[in-house]
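Colleague: below are the sequence and a predicted model; questions follow.
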Amino acid sequence: MSTVLYEKKGHVGLITLNNPKKLNALSAAFMTEIENAVAEVEKDTDVYVCIITGVEKAFIAGADISEMCPLTAAGAIAWGKQGTDLNLRIENLRVPVIAAVNGFALGGGCELAMACDIRIASEKAKFGQPEVGLGITPGAGGTQRLPRLVGAGIAKELLYTGRMINAQEAYRIGLVNKVTAPEELMDAAFALADEIIKNAQIAVQQTKRCVNRGIETDIVTGIDFEQQAFAVCNATEDKQIGMGAFLRKEKEKNFVYR
Ligand code: HXC
């Protein structure tokens, strides 16, 4: 049985991390399986939103410590690159990615969740970057994405202490967008996906690109990205459908993703 499950539900590509005995710890082999699932989303233009979740009590309890323990500095660079590249690949996926965080999201797990566009969490979720307690720094973007999401002061406190926080605290600091009862998590993730799916997908995807690229640059360059995206969208059939429906006072918009 595969430890990473991929299924398509309508326009949603659902990736379920399914190695509960190891709390979904990120071994090299497990990361390769996640990469393969992400590749399924990448190549399928009928997928508009990707959701990543875990089973039982973990989203991902971090990188596999038994694999990391023997690494030398040189080995760590190669090993860490796989997690780093996976997170960049998720971040740069054409479609929005929702992390539906069901349980522990620690170390590399918190890092993967932060590479997603939006995080929603079960009340049972726990977040943290405990690496300094293991004698290492985060290795897959934690020192970079956490301050961008919650601000440098709070990020530094979490990174220096290695403290684990619960879902409510993650919500308070802006690490997650919403907290749900555990049994409502997937419904909430799919409801959010549906809200995105009903819109014009070229516009959604261009918006993702603008936010991701713009947040890493100065405002003049960022606005230039936005202007290019605005021009691209104005040449689409979906723009005519969206604006036409408004002008005809019609509610129904059957976007065609062209
Ligand atoms: C390897 C892990 C693991 C991990 C859990 N397990 N987390 N194995 N690497 N990160 C294994 C346990 O060894 C155990 O295996 C089984 O999963 C169940 O875990 P328990 O500890 O028995 O569960 P519990 O008591 O409920 O505690 C849950 C926990 C704890 C609080 C999440 O497992 C924990 O602290 N895990 C490590 C968390 C962590 O430090 N993560 C950051 C790693 S550093 P057995 O065989 O004994 O049943 C990192 C760097 C990123 O992520 C670098 C990216 C490139």
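Modeller: It's in.
Colleague: who in the stretch 1-150 of the chain is up against the ligand?
Modeller: 22-23, 25, 61-66, 80, 83, 104, 106-108, 130-131, 134, 138-140 (CB under 6 Å from any ligand atom). For the C-beta atoms, the positions are set from N, CA and C on the backbone; glycine is no exception.
Colleague: now, of those residues, which are buried?
Modeller: Buried by 16 or more other CB atoms under 10 Å: 23, 25, 61-64, 80, 83, 104, 106-108, 130-131, 138-140, out of these.
Colleague: in strands, which of those fall?
Modeller: Phe104, Leu106 (DSSP state E).
Colleague: so of the buried ones among the residues of the stretch 1-150 of the chain next to the ligand, which ones are in helices?
Modeller: Gly80, Gly83, Gly108 (DSSP state H).
Colleague: contacts only, for the first one.
Modeller: Spelled out, it's Gly80. Residues near Gly80 by CB atoms under 8 Å, 6 or more residues apart in numbering: Gly139, Ala140.
Colleague: just list whatever residues bridge to the nearest residue to Asn166 once chain neighbours are set aside.
Modeller: With CB to CB, 6 or more residues apart in numbering as the criterion, Asn166 has its nearest non-adjacent residue at 6.0 Å, and that residue is Lys126. As for beta bridges, Lys126 partners with Phe104, Asn166 under DSSP bridges.
Colleague: dump the residue contacts of the residue in the stretch 101-250 of the chain that the ligand sits nearest to.
Modeller: Nearest to the ligand in the stretch 101-250 of the chain, going by CB to the nearest ligand atom, is Gly107, at a distance of 2.3 Å. By CB under 8 Å, 6+ apart, the residues touching Gly107 are Ala61, Gly62, Ala63, Gly128, Gln129, Pro130, Glu131, Pro138, Gly142.
Colleague: please repeat the previous calculation with a cut-off of 6 Å.
Modeller: Gly62, Ala63, Pro130, Glu131 (CB atoms under 6 Å, 6 or more residues apart in numbering).
Colleague: can you lay out the residues you listed as JSON lines showing pLDDT?
Modeller: Listed next are those as JSON lines, based on pLDDT from 0 to 100:
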{"residue": "Gly62", "pLDDT": "98"}
{"residue": "Ala63", "pLDDT": "98"}
{"residue": "Pro130", "pLDDT": "98"}
{"residue": "Glu131", "pLDDT": "98"}
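Colleague: where exactly do the helices run in the stretch 51-200 of the chain?
Modeller: 65-68, 73-91, 108-115, 142-150, 152-161, 167-172, 185-197 (DSSP state H, counting those that start in this stretch).
Colleague: and those helices, which is most packed in?
Modeller: Of all the helices of the stretch 51-200 of the chain, helix 108-115 carries the top mean neighbour count, a mean of 29, counting by mean count of other CB atoms under 10 Å.
Colleague: now it against helix 152-161, angle please.
Modeller: 160 degrees (axes from the mean of the first three to the mean of the last three CA atoms, to 10 degrees).
Colleague: from Gly222, how far out is Leu86?
Modeller: Applying CB to CB, to the nearest Å, the value for Leu86 to Gly222 is 26 Å.
Colleague: just send the ones in helices among the buried ones among the residues of the stretch 1-150 of the chain next to the ligand back as a markdown table, with pLDDT too.
Modeller: What follows is those, written out as a markdown table (pLDDT from 0 to 100):
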| residue | pLDDT |
| --- | --- |
| Gly80 | 93 |
| Gly83 | 97 |
| Gly108 | 98 |
